[in-house]
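Q: quick one: sequence plus predicted model below, questions after.
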Amino acid sequence: MIKIFIYHEEECNRKKCTSLRLGRKGFAKIVKTMNQIPRGAIVLNPLSKKALSREDKQRIIRHGLAAIDCSWKNVRKSSEIFKVGRYHRALPFLVAANPIAYGRPFVLSTAEAIASTLYIIGLKDMAKEIMSNFKWGPHFLQLNKELLDAYSKAKTSKEVVKIQKEVMEGIKNG
């Protein structure tokens with residue numbers, strides 16, 4: 001089982017928080033300080049210059065996966081948190097299916113981000129199990145299935161970025 005850690009900034013509606021639900025269900029450990037995230041863990045960081053890819057799988061299995069749950073409105077303010085560590089990865093283009101940000105690209109809930117990570121590194125069943133905890137969860141995987149499958153076939157971060165660029169150009173050109 002992959003160790004999943006979530007640093008929770010307490011900036012959300014606790015009743016709707018996907019991180020807290022994952023913590024209650026035993027899928028993740030909610031931590032109060034960044035020091036509680038194991039050294040060497042992959043940290044999901046929307047500001048990272050390197051994209052997540054299959055090449056991160058062994059590090060995630062060995063050291064764990066960490067997400068930082070903070071408001072998208074305050075993500076720039078929270079950017080100091082993201083500067084710690086060198087194993088930070090950004091997720092590629094995906095579209096949210098959660099009720100708060102439905103249809104918005106890149107604005108994923110923490111659960112969507114974690115499930116996307118697991119899917120991309122080849123742990124699709126675990127991604128499905130995590131998303132089954134939310135009414136809209138299976139729809140997220142279906143909505144992004146083509147993208148997730150393409151990203152999961154890419155071997156490196158550069159290949160993921162290339163796929164994302166092609167997707168973005170396709171959207172731009174309509």
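A: Good, I have the coordinates. Residues are numbered from 1 along each chain as shown.
Q: next structured bit after the helix or strand bottoming out on mean pLDDT in the chain?
A: Least confident helix or strand, the chain: helix 79-82 with a mean of 52, by mean pLDDT, DSSP states H and E. Beyond helix 79-82 on the C-terminal side, the first helix or strand identified by DSSP states H and E is strand 88-89.
Q: mind listing the strands that following strand pairs with, and their directions?
A: strand 42-44 (parallel) (DSSP bridges).
Q: what about the longest helix in this protein?
A: Ranked by residue count and defined by DSSP state H, the top helix of the chain is helix 157-173.
Q: mean confidence for that one?
A: Computed over helix 157-173, the mean pLDDT rounds to 93.
Q: can I assume Phe140 sits in a strand?
A: No: according to DSSP: H, G, I helix; E, B strand; the rest coil, the state of Phe140 is helix, so it is not within a strand.
Q: if we can go back for a sec, which elements pack onto the longest helix of the chain?
A: Applying 3 or more C-beta pairs under 8 Å, 6 or more residues apart in numbering; DSSP states H and E, we find helix 157-173 packed against helix 145-153. Quick note: C-beta positions are derived from backbone N, CA and C, even for glycine.
Q: bridging across strands, which residues link to Val95?
A: Under the criterion DSSP bridges, Val95 forms beta bridges with Pro105.
Q: so it sits right up against Leu143, yeah?
A: Yes: taking C-beta atoms under 8 Å as the definition, Val95 is a contact partner of Leu143 at 5.9 Å.
Q: coming back round to it: how about the longest helix of the chain as PDB, C-alpha atoms only?
A: Extracted in PDB, the C-alpha atoms of helix 157-173 (Å, rounded to 0.1, in the frame of the first residue of the first chain):
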ATOM      1  CA  SER A 157       8.200  13.800 -17.500                       C
ATOM      2  CA  LYS A 158       9.300  15.200 -20.900                       C
ATOM      3  CA  GLU A 159       6.900  12.800 -22.600                       C
ATOM      4  CA  VAL A 160       4.000  13.800 -20.300                       C
ATOM      5  CA  VAL A 161       4.700  17.500 -21.100                       C
ATOM      6  CA  LYS A 162       4.800  16.700 -24.800                       C
ATOM      7  CA  ILE A 163       1.300  15.000 -24.600                       C
ATOM      8  CA  GLN A 164       0.000  17.900 -22.500                       C
ATOM      9  CA  LYS A 165       1.300  20.400 -25.100                       C
ATOM     10  CA  GLU A 166      -0.500  18.500 -27.900                       C
ATOM     11  CA  VAL A 167      -3.700  18.500 -25.900                       C
ATOM     12  CA  MET A 168      -3.500  22.200 -25.100                       C
ATOM     13  CA  GLU A 169      -2.800  23.000 -28.800                       C
ATOM     14  CA  GLY A 170      -5.800  20.900 -29.800                       C
ATOM     15  CA  ILE A 171      -8.000  22.800 -27.400                       C
ATOM     16  CA  LYS A 172      -6.700  26.100 -28.500                       C
ATOM     17  CA  ASN A 173      -7.200  25.300 -32.200                       C
END
